[in-house]
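Novice: Need a 3D model of the sequence below.
(2 chains)
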Amino acid sequence: MDFLAEGFRRALALLFSADAEVTGIALLTLKIGLLATLVACGLGIPVGFMLATKAFWGRRAALTVVNTALAFPTVVVGLLLYGFLSRRGPLGGLEWLYTWQAIVVGDVLLAFPIAAALAAAAVQGVDPRIRRTAQTLGAGRWRTAWTVAREARFALAAVITTAFGHVVAEIGSAMTVGGNIRGQTRTLTTAVALYTSQGDFGLALALGLILLLLALLVNVALQVLQGRGGVGHA
Amino acid sequence: MLELVGVVHRYESRIVLDIERFQVPPGSGVAIVGPNGSGKSTLLRLLALLERPTQGEVRLDGAVVTGTSGARRRVTLVEQRPVLFRGTVRENLRFGLEVRGTKRTDVNRVIDNVAGRLGITSLLNRRRHELSDGEVQRVAVARALAVEPDVLLLDEPTSSADRAAAQTLYRALAEERARRPLAICLASHQLEDAYRWADDVRALAEGKLAPVTPENLFRVELPPGTGDAGLKHVCVGSIEVAATTDKTGPAILAVSPTDIFVSREPLASSARNVFSGRVTRLSHRRPGVVHVAADVGVELVAVITEDAVRDLGLVPGGPVVFSFKASAVRVF
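Specialist: Numbers count the residues shown, from 1 in each chain, chains lettered A, B, ... in the order given. Now for the predicted structure:
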């Protein structure tokens, strides 16, 4: 128990002292997480819309692929990306291996199916009369999609928070393509793994608490962005 | 002119609509009547360009159209159970106007005008969860009228409305038609409403336009085999109707109102169907002609002259006998 208590004491001390290394790791994680979420949701949500609303050949197969990709092991994604980004790989010329950009790409690959699959489910959950009503009132494709999105705003916000949560919490891909290089590619999760293995439980715990705090802050920010959309405010 | 030509529409492999030609001429008032599941809503969705027919064409002013927003801006549908968008009633009424790029200064004027005509001015700042079903229906009609379509399609527009609200709605529709050339196509299972304002009433049964008037249409299950002299006795509500048919299974049974003899007492005649009941309604739809509705176990409607009504002393609630021959019963 002393071990745990000492860990918490150390964590709180590090948090309140604004330790430069801890702050750097947290900011890098936030940057990578936000960028990867932005790209993954920017691509995945429209794809989810299409899967939910368009009838096209192969739609069912595409939905199956996206849903299967939800369970893709992060370390396998990292491994495949490693193959592409390594010097002999097709994207080796980018020289992104062991950079934060590589971690972003890995996270996008992981979060894209989450965004697409959950957005498809969110849109499918909207009353189909909303879409028909927008169309019959003369709305074009984009205005109709926006109207449906407004109705599904809570579910779509959940898509973004889930994608962000997945991105900041994953370790397999970040470790494989980022390399956990101090000051360059060390994120909160890779650092927690490293410091735990080194026996620095307090530092690992401090970073873990920051990870939780980040997730909390992003959730709160999204709720504020959604406006006063509680029950009864339809 | 909005029309369906050679339309066959399927859900999965089931044919839900099979119509050679259906037209809504400019400025006309067309009512489609038929029982639930007869294909009325599907017909309206095809006319509204919200679904493409499996076979056949939808034409607008002679040109074949598909579901493009340009063509949709001339045809607007109000569904049977309409939904409002998130936001206030005013924001809902604004939707179609914004889509059309109506000037901001004109938007409020149009909204206030249409809200006044439909009696929903007091609802403009309410949100959808603060409205009753009937109010939602009126707001949905107002939202559709606000965009001034050439054709307004209404699916059971008074199904959630009380009598006063229904009258307000029909009055607003009549005013709108008097104000500008607006065609209205309305689906209803209430014949009275249909006859009250429509120029043309068409019956739809099992996805097909019925070759009979819309009164006295019943969905029945024909028993197998034939009885005496080729007669079948078919259960319709709580009565048994004698019909000459060799069909079996699900069918539509129709009796033309002009084929029904009306009397005060049962007549000695060749009619195989004689039913006693009470007059429920006397409707004067055309000069000199009265539609007599009676509850004889089911509601049947007969058409007779005003003189005959007077001579027989028919009054609502009074006794009446309806008689018709088995051969007057059409089965399809």
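
Novice: report the longest helix in chain B, please.
Specialist: Counting residues, the longest helix found in chain B (DSSP state H) is helix B:163-179.

Novice: Can you point out the buried residues in the next helix or strand after it?
Specialist: Sequence-wise, the next helix or strand downstream of helix B:163-179 (DSSP states H and E) is strand B:183-188. Across strand B:183-188, burial judged by 16 or more other C-beta atoms under 10 Å in any protein chain shown covers B:Ala183, B:Ile184, B:Cys185, B:Leu186, B:Ala187, B:Ser188. All C-beta atoms are positioned from the backbone trio N, CA, C, and that covers glycine.

Novice: List the contacts of stretch A:48-67.
Specialist: By C-beta atoms under 8 Å, 6 or more residues apart in numbering or on different chains, the list of residues contacting stretch A:48-67 from outside reads A:47, A:113, A:115-124, A:131, A:145, A:148-149, A:159.

Novice: Might one say that B:Ala172 is in contact with B:Ala146?
Specialist: No. Using C-beta atoms under 8 Å, B:Ala172 makes no contact with B:Ala146, being 11.8 Å away.

Novice: Looking at the two, which one has more neighbours?
Specialist: More crowded of B:Ala172 and B:Ala146, by other C-beta atoms under 10 Å in any protein chain shown: B:Ala146, with 25 against 19.

Novice: Need the pLDDT of the more buried one.
Specialist: Per-residue pLDDT puts B:Ala146 at 95.

Novice: element containing B:Pro53, please.
Specialist: Assigned by DSSP H and E, B:Pro53 falls outside every helix and strand.

Novice: Give the closest residue to it in space, chain neighbours not counted.
Specialist: Nearest residue to B:Pro53 in three dimensions, chain neighbours excluded: B:Val7, at 4.4 Å (C-beta to C-beta, 6 or more residues apart in numbering or on different chains).

Novice: before we move on, the earlier item: show me which of the contacts of stretch A:48-67 are buried.
Specialist: If you count burial by 16+ other C-beta under 10 Å, the buried members of the contacts of stretch A:48-67 come out as A:47, A:113, A:115-123, A:131, A:145, A:148-149, A:159.

Novice: and which of the buried residues of strand B:183-188 is nearest chain A?
Specialist: Ranking those by separation from chain A, with C-beta to the nearest C-beta as the measure, puts B:Cys185 on top at 13.2 Å.

Novice: what's across from that closest one in the sheet?
Specialist: Note on B:Cys185: beta-bridge partners B:Val30, B:Leu153, judged by DSSP bridges.

Novice: any low-confidence regions in chain A?
Specialist: A:1, A:226-234 (pLDDT under 70).

Novice: how about a cut-off of 50?
Specialist: Within chain A, the stretches with pLDDT under 50 are A:229-234.

Novice: Residue numbers of it in contact with chain B?
Specialist: Taking C-beta under 8 Å from any C-beta of the partner chain as the contact definition, chain A meets chain B at A:127, A:129-130, A:132-141, A:143, A:147, A:150-151, A:232-234.

Novice: Tell me which of these fall in strands.
Specialist: Among these, none falls in strands (DSSP state E).

Novice: Which among those residues count as buried?
Specialist: The buried subset of the residues of chain A next to chain B (16+ other C-beta under 10 Å) comprises A:130, A:132-139, A:143, A:147, A:150-151.

Novice: Determine which two of the residues you listed are furthest apart.
Specialist: Across these, no pair lies farther apart than A:Gly138 and A:Glu151, at 18.0 Å, counting by C-beta to C-beta.

Novice: Contacts for stretch B:9-18, please.
Specialist: Outside stretch B:9-18, the residues that reach it (C-beta under 8 Å, 6+ apart) are B:7-8, B:39, B:42-43, B:46, B:51, B:53-56, B:207-208.

Novice: who wins for most neighbours among those residues?
Specialist: Going by other C-beta under 10 Å, B:Leu43 tops the contacts of stretch B:9-18 with 27 neighbours.

Novice: how much space between the residue lying closest to B:Val329 once chain neighbours are set aside and B:Val274?
Specialist: Distance criterion C-beta to C-beta, 6+ apart; nearest residue to B:Val329, sequence neighbours excluded, is B:Ala243 at 3.9 Å. B:Ala243 sits 14 Å away from B:Val274, going by C-beta to C-beta, to the nearest Å.

Novice: Repeat that for A:Val224.
Specialist: Applying C-beta to C-beta to A:Val224 and B:Val274 gives a distance of 75 Å.

Novice: can you pull the contacts of the residue nearest to A:Val76 when sequence neighbours are not counted?
Specialist: Once flanking residues are discounted, A:Val76 sits nearest to A:Gly172: 7.6 Å by C-beta to C-beta, 6+ apart. A:Gly172 is in contact with A:Pro73, A:Thr74, A:Val75, A:Val76, A:Val77, A:Gly78, counting by C-beta under 8 Å, 6+ apart.

Novice: phi, psi of the residue nearest to the second one when sequence neighbours are not counted?
Specialist: In this structure, A:Thr74 finds its nearest non-sequential neighbour in A:Gly172, 3.4 Å apart by C-beta to C-beta, 6+ apart. Reported as degrees, to the nearest 10, the phi and psi values for A:Gly172 are phi -60, psi -50.

Novice: Near chain A, which residues of the stretch 101-250 of chain B are found?
Specialist: B:Arg127, B:Arg128, B:His129, B:Ala140, B:Arg143, B:Ala144, B:Val147.

Novice: Got a ChimeraX select line for the buried ones in these?
Specialist: Selection of buried members from these for ChimeraX, criterion 16+ other C-beta under 10 Å:
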select /B:127,128,140,143,144,147
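
Novice: Rebuild the residues of the stretch 101-250 of chain B next to chain A as CSV, extending it with secondary structure.
Specialist: Formatted as CSV, those follow (DSSP: H, G, I helix; E, B strand; the rest coil):
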residue, secondary structure
B:Arg127, strand
B:Arg128, helix
B:His129, helix
B:Ala140, helix
B:Arg143, helix
B:Ala144, helix
B:Val147, coil
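
Novice: Which two of the residues of the stretch 101-250 of chain B next to chain A have the greatest separation?
Specialist: Based on C-beta to C-beta, the longest span within those runs between B:His129 and B:Val147 and measures 24.3 Å.
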